[in-house]
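Asks: Next input, structure requested:
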Amino acid sequence: MFLRCTNCKFQSSDLSLKRCPNCNGFLILELDKIPSELVVEDKEVGIWRYKRFFPKISSRISLGEGKTPILKAIKLSKELGLEVYLKNEGLNPTGTFMDRGSAIYISFLKDIGVKEVKCFTTGNFGCSIAAYSSKAGLECEIFVHEKANHFKLLQMVWFGAKIKMGYDKLIMNEKNLITQADPLFIEGLKTQMYEVFEYFKEEIPDYIILPIGSGANIYSFFKAYKELSKIGQIKKKPLFVGAKPNSEAAKTFIDLDPSFLYCESLIKEIKREDMFIEEVASKEEMINSMSIFAREEGLLVEPISSIALSVLYKIRKKQLIKDNSRVLIVLTGSGLKEIGSIVLLNKRPIKKIKVGHELGFTKLKILELLKEKSMSGYELWKKLKEFNINIKLSTLYEHLKELEELNLISSNIQIIKNRKTNIRSLTSFGEKYLETFKRIEQ
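Replies: Here you go, the predicted model:
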């Protein structure tokens with residue numbers, strides 16, 4: 001096995017390399033000897049059933065990732081006049097396809113004696129790396145986008161990761177940071193396509209639609225296709241459809257921000273084979289698709305997953321897909337990870353909780369006081385004065401209303417001295433929020 005550069009002729013047997021030392025291009029793992037067929041180890045679990053297609057790895061850092069189901073979308077198929085199938089990657093351990101890449105990569109790093117891993121993230125990638133680093137006993141440091149979903153940030157913290165808020169182009173180009181486009185990470189991601197082949201055999205879908213963030217995932221499908229095609233397992237040529245957010249959607253759903261690591265050179269390899277088309281979708285189209293998945297197929301998916309359906313509607317309307325074509329949508333992440341950020345029904349956003357200062361000094365002090373003791377609004381008002389926070393009583397009640405809407409505090413009517421008094425208490429989520437805030441390095 002060796003690494004080859006996608007831009008120049010560089011090759012190396014050093015599998016620990018991340019980028020080409022000559023041109024800084026992306027490196028891809030090539031197999032010296034590919035088995036004559038897709039050999040599946042039945043005694044293994046999940047992605048490890050394909051271990052003959054991986055580099056030799058002694059460590060086995062696994063949380064049970066892989067072997068996610070493929071479901072026929074009955075209602076969507078009828079509506080669109082197509083055979084639509086859904087691969088639910090949200091059923092991986094941390095609710096994202098990235099667990100496949102994390103399992104292989106962290107296992108490899110464990111093998112070569114790495115003690116600490118570092119990465120940058122907008123959300124899911126950091127959650128996955130943090131979870132597998134925890135399992136492997138590795139220290140984990142994560143640079144987090146300042147607009148990252150708080151609920152995903154909370155996951156990283158509870159997995160024991162060391163969090164640093166914010167990153168820029170300088171951080172993103174650091175050679176010691178692991179990324180989704182690193183060769184060993186892609187090796188884990190490609191197992192999705194192996195499972196697609198196992199399910200469909202020679203009748204693989206005509207179109208495979210999935211989101212483009214970094215570009216690494218859609219490339220992993222193409223890489224697996226090339227491997228299976230080379231040994232004669234696949235004779236049909238599918239078309240890979242990249243679903244991208246427009247600029248407004250990218251800003252709204254930060255996990256879809258394509259600016260931080262768009263692997264253009266990897267996408268070019270697919271384009272050279274005439275196997276790639278691209279389409280964009282808006283925020284409104286994505287949220288509508290989330291609702292359709294929930295109402296018609298019973299699946300709660302992330303925005304990054306719903307964009308694939310939005311794009312399918314658009315290319316079908318443009319008559320770029322023939323009637324009765326077989327289409328596979330890859331649902332890359334679970335909507336349960338976004339349940340605190342987006343209300344799927346009625347298309348209304350929930351107020352987002354961000355980190356620390358974005359909640360406001362007064363609200364943070366209210367939470368701290370309620371952690372010490374549950375009390376009435378009037379008691380809180382007097383307590384705040386002790387800390388030189390002089391606000392109107394009506395303003396305090398506005399703060400309390402907002403904190404209750406965010407599920408950080410609760411209220412309970414109690415009888416005190418023969419009078420009904422509304423007592424505020426910190427919720428368990430409020431306690432976790434405070435703990436998260438204290439553990440984050442600003």
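Asks: Could you report the neighbour count for residue 265?
Replies: Per other C-beta atoms under 10 Å, the neighbour tally for residue 265 reads 18. (Each C-beta comes from the backbone N, C-alpha and C, glycine too.)
Asks: Reduced to three states, what does it come out as?
Replies: Secondary structure for residue 265, judged by DSSP: H, G, I helix; E, B strand; the rest coil, is helix.
Asks: for residue 297, what are its contacts?
Replies: By C-beta atoms under 8 Å, 6 or more residues apart in numbering, the residues touching residue 297 are 71, 73, 75-76, 86.
Asks: Could you pull out the buried residues of the host helix or strand of residue 219?
Replies: Here residue 219, judged by DSSP states H and E, is contained in helix 216-230. Within helix 216-230, the residues that qualify as buried are 216-228, counting by 16 or more other C-beta atoms under 10 Å.
Asks: Put together TSV for these, with distance to residue 132 and pLDDT on each row.
Replies: Formatted as TSV, the buried residues of helix 216-230 follow (distance: C-beta to C-beta, whole Å; pLDDT from 0 to 100):
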residue	distance to residue 132	pLDDT
216	17	92
217	17	94
218	22	95
219	21	96
220	17	97
221	22	97
222	24	97
223	21	96
224	21	95
225	26	95
226	27	94
227	24	92
228	26	93
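Asks: Dump those residues into JSON lines; add distance to residue 425 as well.
Replies: Listed next are the buried residues of helix 216-230 as JSON lines, based on distance: C-beta to C-beta, whole Å:
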{"residue": "216", "distance to residue 425": "45"}
{"residue": "217", "distance to residue 425": "43"}
{"residue": "218", "distance to residue 425": "47"}
{"residue": "219", "distance to residue 425": "50"}
{"residue": "220", "distance to residue 425": "47"}
{"residue": "221", "distance to residue 425": "49"}
{"residue": "222", "distance to residue 425": "53"}
{"residue": "223", "distance to residue 425": "53"}
{"residue": "224", "distance to residue 425": "52"}
{"residue": "225", "distance to residue 425": "55"}
{"residue": "226", "distance to residue 425": "58"}
{"residue": "227", "distance to residue 425": "57"}
{"residue": "228", "distance to residue 425": "57"}
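Asks: what about the stretch 251-400 of the chain, any weak spots by pLDDT?
Replies: Within the stretch 251-400 of the chain, the segments meeting pLDDT under 70 span 251-262, 339-359.
Asks: And the helices in it, which stretches?
Replies: For the stretch 251-400 of the chain, the helices defined by DSSP state H, counting those that start in this stretch cover 264-272, 283-297, 303-317, 361-372, 377-386, 393-405.
Asks: winner for burial among those helices?
Replies: Most buried of these, by mean neighbour count (mean count of other C-beta atoms under 10 Å): helix 303-317, with a mean of 24.
Asks: Would you mind writing the CA trace of that one as PDB?
Replies: What follows is helix 303-317, C-alpha atoms only, in PDB (Å, rounded to 0.1, in the frame of the first residue of the first chain):
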ATOM      1  CA  PRO A 303     -29.800  20.000   7.400                       C
ATOM      2  CA  ILE A 304     -26.700  18.500   5.900                       C
ATOM      3  CA  SER A 305     -28.700  15.400   5.000                       C
ATOM      4  CA  SER A 306     -31.900  17.100   3.900                       C
ATOM      5  CA  ILE A 307     -30.000  19.100   1.200                       C
ATOM      6  CA  ALA A 308     -29.700  15.900  -0.800                       C
ATOM      7  CA  LEU A 309     -33.400  15.700  -1.200                       C
ATOM      8  CA  SER A 310     -33.700  19.400  -2.100                       C
ATOM      9  CA  VAL A 311     -31.200  18.800  -4.900                       C
ATOM     10  CA  LEU A 312     -33.000  15.700  -6.100                       C
ATOM     11  CA  TYR A 313     -36.200  17.700  -6.500                       C
ATOM     12  CA  LYS A 314     -34.300  20.300  -8.500                       C
ATOM     13  CA  ILE A 315     -32.500  17.900 -10.900                       C
ATOM     14  CA  ARG A 316     -35.700  15.900 -11.400                       C
ATOM     15  CA  LYS A 317     -37.600  19.100 -12.300                       C
END
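Asks: Now do the buried residues in stretch 2-16.
Replies: Neighbour counts over stretch 2-16 (16+ other C-beta under 10 Å) mark 3-7, 10, 15 as buried.
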